[in-house]
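J.: build me a structure from this.
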Amino acid sequence: MAIEAHLVELERKHRLLESELHDALRHLSTDNLWIVELKRRKLMVKDEIERLKHVASETIH
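T.: Numbers count the residues shown, from 1 in each chain. Okay, here's the model as predicted:
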């Protein structure tokens, strides 16, 4: 159960980062380094989601 709860939280965080990135890209004055940082954080969350899904699927089998 703890893995599922963590996955839900990570997916929520991923959506928030996606929204923040979308807003940053709409504003021409946004610092490019900030955009790179948002993309990096979003990718890290996505990688963690995939890792946990893999662990969860192995636990079930």
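J.: residue 36 - how many residues pack around it?
T.: 10 (other C-beta atoms under 10 Å). Heads up, the C-betas are built off the backbone N, CA and C, glycines and all.
J.: so it: helix, strand or coil?
T.: helix (DSSP: H, G, I helix; E, B strand; the rest coil).
J.: low-confidence ranges, this structure, go.
T.: 1, 61 (pLDDT under 70).
J.: buried stuff in stretch 39-54?
T.: Of all the residues in stretch 39-54, those buried under the rule 16 or more other C-beta atoms under 10 Å are 42, 45, 49.
J.: just send these back as a markdown table, with secondary structure and distance to residue 17 too.
T.: Listed next are the buried residues of stretch 39-54 as a markdown table, based on DSSP: H, G, I helix; E, B strand; the rest coil; distance: C-beta to C-beta, whole Å:
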| residue | secondary structure | distance to residue 17 |
| --- | --- | --- |
| 42 | helix | 4 |
| 45 | helix | 6 |
| 49 | helix | 12 |
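J.: ok, so of the residues you listed, who is nearest residue 11?
T.: Set against residue 11, the nearest of the buried residues of stretch 39-54 by C-beta to C-beta is residue 49 (6.4 Å).
J.: what sits against the closest one?
T.: 7, 10, 11, 14 (C-beta atoms under 8 Å, 6 or more residues apart in numbering).
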